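Student: Mind looking at a prediction? Sequence and model below.
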Amino acid sequence: MRALLPDPDFLDPQQIARYNELILTLLRLSPGQLYTDATTTLLMPSVRSLGPVTMEQMAGAIPAPLPFKESLMIVWPQVSGLVASTVVCFAIGYYIFMRREIRS
């Protein structure tokens, strides 16, 4: 990933933020990263966000741990992505299996 980023001395903070968003978007296509994000947020209620957090967002945050329902709402895209990818992979495998001609 270092090859995608030019020299940091010539970048402004907005370009660095866009680069970080690009990396996070690419990582969120990986089932491993989806699973890691979901389990981290559900098992550690002190996690408030899965991306970069600005100081303005941190200023209004309550320091108490989040309830399970709110933690689940944060990771709902990751959980639904994992379930959807599992269903799609099963459907493709089932279709290929049913199309094969199996004879004894």
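Tutor: Perfect, I can see it now.
Student: Spatially central, which residue of this structure would that be?
Tutor: Arg28 (3.9 Å; Cα atoms, centre = their mean).
Student: wait, isn't that residue in contact with Ala38?
Tutor: No - counting by Cβ atoms under 8 Å, Arg28 does not reach Ala38; the two are 11.1 Å apart. In short, each C-beta sits where N, CA and C put it, glycine included.
Student: residues shared between the contacts of those two?
Tutor: Common contacts of Arg28 and Ala38 (Cβ atoms under 8 Å, 6 or more residues apart in numbering): Gln78.
Student: Next up, the contacts around the residue nearest to the centre of the chain.
Tutor: Neighbours of Arg28 in contact, by Cβ under 8 Å, 6+ apart: Leu34, Asp37, Gln78, Gly81.
Student: repeat that with 7 Å
Tutor: Leu34 (Cβ atoms under 7 Å, 6 or more residues apart in numbering).
Student: pLDDT score assigned to it?
Tutor: Note on Arg28: pLDDT of 79.
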